[in-house]
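Peer 1: only geometry, no sequence info:
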Ligand code: PEP
Ligand code: MG
């Protein structure tokens, strides 16, 4: 039994292993080895169901002939394995060949193993496959082993369903093997950084790590100092133009990205260095490269985060200068139907590519800066990060399907894959006409769905999907993508646009929540040992009251006419709340004295994210105007699991009984004191938790706008009395497994 327990622990890491695996085959191979080892069986095989053909195909095996993988197949209902699937039941036999449903399959050597167990893998009503264990006759399978295998099957269902498309691909080319020549590359599994499904032609863009390599390819001969000056002028105009163009799209961050390039271009020491080299006989191109390399190597060696980022800025600017030096042609061409595959992208590249209307991006190695993922999401560009260098060797114009909902990249897929993919694409497309203004449960109870806003560009989707207001504005984002703390005036402009984005609707503004994984390169020079428990959020604001006051003044001025609600993140005590609120009151006194127009009576609330605060909610209820539950952090602190550490991801369980009961207690406190409460963490966007949340009385949810239609639809399917019963049942359960069973 000890082995079985270990196995279940390992299985809890399945999702993680899957996300880390280069290909599905490697994942499945690892899986069958792991199960066979733990269960002490000679054979563990995994068959996946192919719906169109109504047949099972052997996808991985430990113990049977390796050559059978991908080849052996059986119809649903055929043999013991096929019967287990057709009848959706586990079949156990001490001597398989005597079982009435037994069918002999040649070439597998399985006749050597008579003790047999087949467990169907099902997800809801969907048939996914069968897991088969076999060993010598002397050791028949026990009931305990059956139970463990059934648990494995249920855990596997979710993961395998995501990779069903693979079956179609492998009919054309054998298992994906990263060491095979590029032509074999059919499916690459990566991480989804920005959701979406697109299909188009591949365009490989390699960032030239070595600028001189780029130089060698450019026609830059016979150019003079004068050409360089012209090029600088052209680049300046170009950057200013891009800056103002993206200003309209991403007013809160874009201009800040380009301003770094512009500042460098205006830096006389950099220009003087290039001019001197040209005067000494270098060609303008070589002078640019030599100067840029000097700065890049200097910046790259520095530990400081912020300085290292400067190396990217220099490279980006140098490339732009070289391109402009080489003439008017743009080496990117027309990108309207392209999926860009790149080894490295800078924030400015993403903005540029977005202007050229590219369909999607696959980023290969080189790492992704948070700016890039963030910008891709806000610009609505599907982005997958896949550590597969072979993708960079793809022929120009290879056909690529990008499923950034699960992080898959399909290369030159078969028609059947395209067909399934197109169907999935259509399912994802939302009929906007169908999105109702109000959200109601099946029995007519109103639910209020608000939008989380990270970038101002999110407002568009939030409005399109009829959000009732802004339930969480993460005000730290503009602070992250820049080189210094923004002034009150700069913040005022951003917040003014925020308020204008949803006029007349509630706007919940969260004050600065930096620290943890949100590092300011211009402030966090020293690494904290435990940043999530360090100088985070409201602690930072209260420790830097000048910065805090600047933000509060800016938002109250910008939202003078709005239904403004200000909330403080990570509050842990009554004193902290009162101190923060006093800073706000002091700002109001100042603004009044200065004769400024400002929001006189914003509602002032707290985020419930630290477990300690749950026990003092009754006290806080007397002071705070509202509560907003940040489940992302609340779970992290309740369960002592770092939310950014993939290695402990399996311990991050939103449906842990302690989490469910804590949520219930928060709701009880809020209702006892009549304090409005909402949920703004990720739990609010998971359909599976919706019956529980509504069942314990939650009526206000704030979520990333992309999830609004789905949650709206899910609400409409819920009957409140039933949800209450489910919630009560869930609250009585003490094991995670039992809760999972009930959640379905
Ligand atoms: C949360 O913690 O649930 C939350 C909404 O805040 P963030 O994810 O920004 O920490
Ligand atoms: Mg939080």
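Peer 2: That came through, no problem. Source: prediction; values computed, not measured. Ligands and ions are numbered 1, 2, ... in the order given.
Peer 1: which bits of the protein sit near ligand 1?
Peer 2: Residues of the chain found near ligand 1 (Cβ under 6 Å from any ligand atom) are 472, 474, 513, 609, 630, 631, 632, 633, 680, 681. Glycine gets a C-beta too; all of them are placed from N, C-alpha and C.
Peer 1: tell me the contacts of the fourth one?
Peer 2: Contacts for residue 609 (Cβ atoms under 8 Å, 6 or more residues apart in numbering) come out as 569, 570, 571, 629, 630, 632, 633, 634, 637.
Peer 1: from these, which land in strands?
Peer 2: Members of the contacts of residue 609 lying in strands (criterion: DSSP state E): residue 629.
Peer 1: quick check: the farthest pair among the contacts of residue 609?
Peer 2: Maximum pairwise distance in those, criterion Cβ to Cβ, is 15.4 Å, between 571 and 632.
Peer 1: which one's more surrounded, those two?
Peer 2: Higher neighbour count among residue 571 and residue 632: residue 571, with 27 against 15, using other Cβ atoms under 10 Å.
Peer 1: check what pLDDT the nearest residue to the more buried one once chain neighbours are set aside gets.
Peer 2: Excluding the flanking residues, the one nearest residue 571 by Cβ to Cβ, 6 or more residues apart in numbering is residue 606, at 4.3 Å. Per-residue pLDDT puts residue 606 at 98.
Peer 1: number the chain from 25, please
Peer 2: With the count now opening at 25, the last piece we talked about shows up as residue 630.
Peer 1: what's the strand or helix carrying residue 630 packed up against?
Peer 2: Taking DSSP states H and E as the definition, residue 630 sits inside strand 627-632. Judged by 3 or more Cβ pairs under 8 Å, 6 or more residues apart in numbering; DSSP states H and E, strand 627-632 is in contact with strand 587-592, helix 598-618, strand 650-653.
Peer 1: after it, which helix or strand is next?
Peer 2: On the C-terminal side of strand 627-632, the nearest following helix or strand under DSSP H and E is helix 635-638.
Peer 1: would you mark the buried spots in that following helix?
Peer 2: Going by neighbour count (16 or more other Cβ atoms under 10 Å), the buried part of helix 635-638 is 635, 637, 638.
Peer 1: same question for stretch 54-74.
Peer 2: The neighbour-count check on stretch 54-74 (16+ other Cβ under 10 Å) flags 54-56, 58-60, 62-63, 65-74 as buried.
Peer 1: tell me the mean pLDDT over stretch 209-216?
Peer 2: Averaging pLDDT along stretch 209-216 gives 80.
Peer 1: same deal with stretch 55-62?
Peer 2: For stretch 55-62, mean pLDDT rounds to 86.
Peer 1: same question, stretch 500-517
Peer 2: 84.
Peer 1: next one: stretch 255-263
Peer 2: 89.
Peer 1: make sure residue 433 is indeed in a strand.
Peer 2: Yes. The assignment for residue 433 (DSSP: H, G, I helix; E, B strand; the rest coil) places it in a strand.
Peer 1: coming back round to it: pLDDT added to the buried residues of helix 635-638, as CSV?
Peer 2: Formatted as CSV, these follow (pLDDT from 0 to 100):
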residue, pLDDT
635, 97
637, 97
638, 97
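Peer 1: identify the residue nearest residue 112 in space, chain neighbours excluded?
Peer 2: Excluding the flanking residues, the one nearest residue 112 by Cβ to Cβ, 6+ apart is residue 144, at 5.4 Å.
Peer 1: so what does that neighbour look like in phi/psi?
Peer 2: When read as degrees, to the nearest 10, the backbone of residue 144 gives phi -70, psi 150.
Peer 1: in stretch 543-555, what's buried?
Peer 2: Those would be 543, 544, 545, 547, 548, 555, for stretch 543-555 by 16+ other Cβ under 10 Å.
Peer 1: just the residues you listed now: which is nearest residue 110?
Peer 2: residue 555 (53.1 Å).
Peer 1: surely the closest one and residue 540 touch.
Peer 2: Yes. Counting by Cβ atoms under 8 Å, residue 540 is a contact partner of residue 555 at 5.3 Å.
Peer 1: where do the contact lists of those two overlap?
Peer 2: In contact with both residue 555 and residue 540: no residue, using Cβ under 8 Å, 6+ apart.
Peer 1: which one, of the helices and strands packed on strand 627-632, ends up nearest to residue 286?
Peer 2: Comparison of the helices and strands packed on strand 627-632 against residue 286 by Cβ to Cβ identifies helix 598-618 as nearest, at 33.0 Å.
Peer 1: need the residues that contact the closest one.
Peer 2: 535, 562-563, 565-566, 569, 572-573, 576-577, 580-581, 590, 592, 595, 622, 624, 626, 628, 630, 640, 643-644, 647-648.
Peer 1: now do the buried residues in that helix.
Peer 2: 598, 600, 601, 603, 604, 605, 607, 608, 611, 612, 615.
Peer 1: and the fifth one, how far from residue 640?
Peer 2: Here residue 604 is placed at a distance of 15 Å from residue 640 (Cβ to Cβ, to the nearest Å).
Peer 1: residue boundaries of the helices in the stretch 625-768 of the chain?
Peer 2: Remark: helices assigned in the stretch 625-768 of the chain by DSSP state H, counting those that start in this stretch are 635-638, 641-644, 655-663, 681-696, 714-719, 732-740, 744-756, 760-767.
Peer 1: ranking those by burial, who's on top?
Peer 2: Ranked by mean neighbour count under mean count of other Cβ atoms under 10 Å, the helices of the stretch 625-768 of the chain are led by helix 714-719, which reaches a mean of 24.
Peer 1: could you give the average pLDDT over that helix?
Peer 2: 98.
Peer 1: other SSEs contacting that helix?
Peer 2: Judged by 3+ Cβ pairs under 8 Å, 6+ apart, the packing partners of helix 714-719 are helix 681-696, helix 732-740, helix 744-756.
Peer 1: rerun that using 7 Å as the cut-off
Peer 2: In terms of contacts (3 or more Cβ pairs under 7 Å, 6 or more residues apart in numbering; DSSP states H and E), helix 714-719 is packed against helix 732-740, helix 744-756.
Peer 1: lowest mean pLDDT across those helices, which one is that?
Peer 2: Among those, helix 732-740 carries the lowest mean pLDDT, a mean of 93.
Peer 1: which residue ranges make up the domains of the protein?
Peer 2: Domain segmentation of the chain under automatic domain parsing yields 26-208, 215-451, 456-767.
Peer 1: does ligand 2 have contacts with the longest one?
Peer 2: Yes. Judged by Cβ under 5 Å from the ion, domain 456-767 comes into contact with ligand 2 at 633, 654, 657.
Peer 1: how about the residue nearest the centre of the chain, phi and psi?
Peer 2: With distances taken as Cα atoms, centre = their mean, residue 217 lies nearest the centre of the chain, 4.8 Å away. The phi and psi torsions at residue 217 (degrees, to the nearest 10) take the values phi -110, psi -20.
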